[in-house]
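**Q** After the sequence you'll find the predicted model.
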Amino acid sequence: MIRAKLLSALLLLISIAAFAQTNYDASLIPKDLLRYASVVVRNEEITTEVKDLDNVSYHVKRAITVLNPNGDNIAHMAIYYNKSIAIKYIKGIAINEFGKVIAKFSEHDFKDVSAAGNSDLFEDFRVKHYIPSITQYPYTIEYEYETRDKQSLSLENWHPVPGNGLAVEKSTYQMVCKPDFVIRYKQFNLPSTVIIGTTKEGMKTYTWQISHVLARKDESLSVDGRHTLPSVIFAPEKFNFYGYNGAFQNWSDLGKWMYDNLLKNRATLPEETIQYIKNLTADIQDPKLKAKKVYEYMQQKTHYISIQIGIGGWQPFLASDVDKVGYGDCKALVNYTQALLKAAGVDSWYCVVYGDHQQKRSLLSDFANLEGNHVILCLPLKNDTTWLECTSQNIPFGYLGDFTDDRNVLACTPDGGKLLHTPKYTTEQNRITRNAEFTLSETGDLAGQISTTFKGVDYEDRYEIVEKAQTERLKDFKWYYPINNIDIKTLEYKQDKSLDPTTFENVKLSAREYGALTDGKLYFSLNAVDHLSSGYKPVSNRINPVTINHGHTYEDKVSYTLPAGWKLDSEPLNVEINKPFGSFTARLTIKDNQLIYLRKLQIKDGTYDKEVYGDIVDFYNVVIDADNYNVILVKK
């Protein structure tokens with residue numbers, strides 16, 4: 001027993017000694033690295049070794065100092081694996097602010113759970129994760145692990161500064177490979193270029209390093225971090241992808257390989273389904289209308305689930321399987337829709353895209369690599385290219401929305417890959433228009449109706465509430481309008497799913513004591529329909545340019561029938577402001593007993609100089625002040 005305890009203690013000391021060769025006392029961090037930082041990467045060493053086309057190892061050694069609770073999420077270690085990605089080992093130690101080792105951990109301490117999310121039905125990835133239970137700040141975690149992957153197409157990229165609030169003392173990335181393994185790379189925002197060398201064993205090395213990188217604060221309206229943060233992305237010339245060999249140098253090559261190896265012969269349908277589709281579209285001559293009919297058939301027959309299994313999660317289920325079971329992920333549903341369209345005599349292209357509601361992330365035109373997280377369908381109709389999102393049962397034919405609009409995508413065709421660009425929804429198209437008519441009583445009670453239309457990317461603005469039962473709609477609706485004591489009499493939604501889709505919202509309502517009667521005066525908020533409650537915080541020494549991904553137009557007309565014998569006792573609202581990034585007008589007029597309020601806010605998409613951010617802050621403050629305008633009435 002004593003010997004066992006001594007041996008255990010000795011192994012612990014050996015393990016700690018193997019790590020604790022560097023002094024990670026928090027006081028040694030350069031003071032300028034602490035500014036805006038929640039975490040400081042003290043040292044990071046990442047090595048990717050391509051031993052063969054079907055054998056790639058990743059060795060990661062990292063020491064990070066967490067300065068405050070905001071950095072705990074970065075100290076949360078998560079390592080993904082599946083049948084093709086093996087974890088060889090994990091080990092680490094925890095260090096207090098004075099550089100003293102206070103604990104060690106190994107793979108045994110990690111929780112092992114499925115990586116599937118709530119919408120995932122099939123997911124073969126698992127994750128081992130560990131959260132240090134340390135509450136005394138600052139603290140340091142030093143850990144090391146190695147994984148091995150059976151493919152060389154999708155190589156892990158280097159992102160030494162993954163986000164804001166993270167400073168770096170030193171980070172090194174090295175790619176090690178055989179001399180005949182040709183690797184393409186593209187680097188972003190690095191102070192120096194790659195160092196290419198050779199090991200004593202004759203292996204080729206590519207090495208990048210950064211040091212003393214200051215943390216960045218969060219800046220609203222910033223572009224995708226890929227354009228501003230340091231990183232290197234990789235793509236091999238020759239590769240093996242889970243048993244499939246290939247080679248590519250450009251998007252045409254990659255798209256051709258994907259079609260031949262992942263898509264070809266997977267769009268076969270049962271003969272009875274083919275015949276059904278032919279009969280369904282027999283009387284339709286226009287290919288676009290044929291496609292619309294087929295698309296709507298697909299929507300009512302299938303539903304979406306996420307499936308992350310198969311060849312790296314990149315190959316779709318067979319169209320015949322989707323036809324049988326009635327569900328699939330984006331890949332499967334696009335492949336199935338493509339098969340149905342082929343039965344109707346309409347050609348289409350399977351397209352890989354990077355979908356994101358917040359950022360328009362395009363595939364790089366000058367660097368082909370396996371990138372993307374979603375699949376959509378392109379119909380290359382003559383002079384009328386049409387795009388289809390196949391994962392929704394309710395989205396209109398030809399509508400994409402802000403998840404995939406205005407970005408480069410890869411079309412995988414029998415003739416090779418084609419880099420295409422999805423359509424853009426403009427500032428004028430993205431429009432919310434309201435018309436409200438209210439009657440105000442002498443006691444401040446309000447009654448009336450609001451009619452609203454939503455177009456462009458704003459078509460989906462009421463997506464969640466439209467799908468709910470009426471009782472749930474009524475509960476949620478009260479959050480949309482800043483009207484106290486609101487009582488909804490009727491609430492209706494209609495959706496026009498034509499090629500110019502529109503959502504219609506109509507509500508009849510009343511509200512007790514909307515206005516306040518005090519000392520013979522009646523006070524009420526002028527803007528009851530589209531109230532901007534918050535803007536943007538001022539930022540000193542901004543680094544990033546201003547990026548507005550989507551422009552929008554909001555136009556409101558609100559009329560109040562005032563109680564007889566009352567008149568305006570406040571300065572009429574009259575605001576107009578015009579800037580390169582947007583405009584705003586708000587006007588109040590009274591004629592007889594009708595008070596008319598007109599409001600138009602327009603925000604224009606684009607990239608603007610960083611100095612413009614201050615104007616945007618001021619602009620939104622003007623809008624907020626106008627939206628907070630209170631009407632004061634007195635008896636004539």
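**A** Nice, I can see it. All values derive from a computational prediction rather than experimental measurement.
**Q** How about the contacts made by Ala586?
**A** Asn527, Leu573, Asn574, Val575, Tyr597, Leu598, Arg599, Lys600, Ala626, Asp627, Tyr629 (CB atoms under 8 Å, 6 or more residues apart in numbering). Where C-beta positions appear, they are placed from N, C-alpha and C, glycine not excepted.
**Q** residues of the helix or strand hosting it that come out buried?
**A** Here Ala586, judged by DSSP states H and E, is contained in strand 582-591. Of all the residues in strand 582-591, those buried under the rule 16 or more other CB atoms under 10 Å are Gly582, Ser583, Phe584, Thr585, Ala586, Leu588.
**Q** residues near the residue lying closest to the first one once chain neighbours are set aside, how many?
**A** Read that as Gly582. Nearest non-adjacent residue to Gly582, counting by CB to CB, 6 or more residues apart in numbering: Ile603, 4.4 Å away. A count of nearby residues for Ile603, using other CB atoms under 10 Å, gives 22.
**Q** same check, this time on Leu526
**A** Leu526: 21 surrounding residues under other CB under 10 Å.
**Q** try Tyr276
**A** Tyr276: 15 surrounding residues under other CB under 10 Å.
**Q** What is the helix or strand hosting it packed up against?
**A** Under the criterion of DSSP H and E, Tyr276 resides in helix 271-280. Where contact means 3 or more CB pairs under 8 Å, 6 or more residues apart in numbering; DSSP states H and E, helix 271-280 is packed against helix 287-301, helix 330-343.
**Q** ok, and what's touching the following helix or strand past the last one?
**A** Once the chain leaves helix 330-343, the next helix or strand it forms, by DSSP H and E, is strand 349-353. When contacts are taken as CB under 8 Å, 6+ apart, the neighbours of strand 349-353 outside the stretch itself are 258-259, 263, 334-335, 338, 363, 371-380, 404, 407, 409-413, 418, 420, 422.
**Q** 6 Å instead?
**A** Contact with strand 349-353 is made by 263, 334, 372, 374-376, 378, 404, 409-413, as judged by CB atoms under 6 Å, 6 or more residues apart in numbering.
**Q** just the angle between it and helix 330-343, please?
**A** Computed by axes from the mean of the first three to the mean of the last three CA atoms, to 10 degrees, the angle separating strand 349-353 from helix 330-343 equals 160 degrees.
**Q** picking that back up, buried deepest among the helices and strands packed on helix 271-280, which one?
**A** Highest mean neighbour count of these: helix 330-343, a mean of 25 (counted as mean count of other CB atoms under 10 Å).
**Q** Mind listing residues that contact it?
**A** For helix 330-343, using CB under 6 Å, 6+ apart, the contacting residues are 266-267, 269, 274, 277, 291, 294, 298, 316-317, 319, 322, 348, 350, 374-375, 377, 390-391.
**Q** Including mean pLDDT and distance to Leu33, could the helices and strands packed on helix 271-280 go into TSV?
**A** Shown next, in TSV, are these (pLDDT from 0 to 100; distance: least, CB to CB, whole Å):
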stretch	mean pLDDT	distance to Leu33
helix 287-301	97	53
helix 330-343	97	42
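**Q** Next, the buried residues of the top strand by length along the chain.
**A** Selection of the longest strand in the chain by residue count, based on DSSP state E, yields strand 39-52. Neighbour counts over strand 39-52 (16+ other CB under 10 Å) mark Val39, Val40, Val41, Arg42, Asn43, Glu44, Glu45, Ile46, Thr47, Thr48, Glu49, Val50 as buried.
**Q** and if you look at stretch 223-237?
**A** For stretch 223-237, the neighbour count (16+ other CB under 10 Å) marks 223-225, 227-236 as buried.
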